[in-house]
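Participant: Make a model of this:
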Amino acid sequence: MMNFLVKTIANAGALAVAVWLVGEITLTGDSTGKKIGTLLLVALLFGLVNFLVKPLVKLLSLPLLILTLGLFTLVVNALMLLLTSWLADKLDLSFHVEGFWTAVLGGLIISIVSWALNVVLPDGD
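Facilitator: All right, here's what the predicted structure looks like:
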C-alpha cells in the first residue's frame, strides 16, 4: 500500500512539473486545495491508464518499438497522457493537454521527473 502511495505522489509531482513547464498542459481550479485534489485524482487516473492500457499498447506496437530502438515509447507515453486528458474531461476534472506534440513534451517531462522522484522517495516494501 505504501508503494502505491509513493508512486501516486511521484506521478502527481511529475504532472505538476509538466503543468508548470508546458503552457498547453492546463490544470485549473478555484483554490490551491482544489488544484492539489484535482492533481492527485489525475495522478491516480494516469497511474490506472499506465497500468491497464499501456502494456497492451506496447505489446501491439512491439515491432515499431524494435524498429525505432525504443523511441516509439515517446509516442506511447504521449498517447497515454492524451488518454488521461480525455478521461479527465469525461470525469469533469480540470486537466487538459492541448495537442499531440504537447503530449510528447509532457510525457517526456513526466517520465524524467517521475523517475527522479521514484529514485529519491522511499520504496515502502
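Participant: what does the model give the nearest residue to residue 108 once chain neighbours are set aside for pLDDT?
Facilitator: Nearest non-adjacent residue to residue 108, counting by CB to CB, 6 or more residues apart in numbering: residue 74, 6.4 Å away. (C-beta placed from N, C-alpha, C; glycine too.) With respect to pLDDT, residue 74 has a value of 93.
Participant: likewise residue 35?
Facilitator: For residue 35, the model assigns a pLDDT of 91.
Participant: And for residue 7?
Facilitator: 85.
Participant: ok, the residue nearest to residue 108 - contacts?
Facilitator: Each residue near residue 74 by CB atoms under 8 Å, 6 or more residues apart in numbering is listed here: 104, 107-108.
Participant: quick one: the strands in the chain?
Facilitator: 25-27, 95-97 (DSSP state E).
Participant: okay, and the helix or strand of this structure with the least pLDDT?
Facilitator: Ranked by mean pLDDT, DSSP states H and E, the weakest helix or strand in the chain is helix 2-21, scoring a mean of 89.
Participant: Just the CA atoms of it, as PDB, please.
Facilitator: C-alpha atoms of helix 2-21 as PDB (Å, rounded to 0.1, in the frame of the first residue of the first chain):
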ATOM      1  CA  MET A   2       2.900   2.400   0.800                       C
ATOM      2  CA  ASN A   3       4.400   1.700  -2.600                       C
ATOM      3  CA  PHE A   4       1.100   2.700  -4.300                       C
ATOM      4  CA  LEU A   5       1.000   6.000  -2.300                       C
ATOM      5  CA  VAL A   6       4.600   6.800  -3.100                       C
ATOM      6  CA  LYS A   7       4.100   6.100  -6.800                       C
ATOM      7  CA  THR A   8       0.900   8.200  -6.800                       C
ATOM      8  CA  ILE A   9       2.700  11.100  -5.100                       C
ATOM      9  CA  ALA A  10       5.600  10.800  -7.600                       C
ATOM     10  CA  ASN A  11       3.000  10.900 -10.500                       C
ATOM     11  CA  ALA A  12       1.300  13.900  -9.000                       C
ATOM     12  CA  GLY A  13       4.700  15.700  -8.600                       C
ATOM     13  CA  ALA A  14       5.700  14.800 -12.200                       C
ATOM     14  CA  LEU A  15       2.300  16.100 -13.500                       C
ATOM     15  CA  ALA A  16       2.700  19.300 -11.500                       C
ATOM     16  CA  VAL A  17       6.100  19.900 -13.100                       C
ATOM     17  CA  ALA A  18       4.700  19.300 -16.600                       C
ATOM     18  CA  VAL A  19       1.800  21.700 -15.900                       C
ATOM     19  CA  TRP A  20       4.300  24.300 -14.600                       C
ATOM     20  CA  LEU A  21       6.700  23.900 -17.600                       C
END
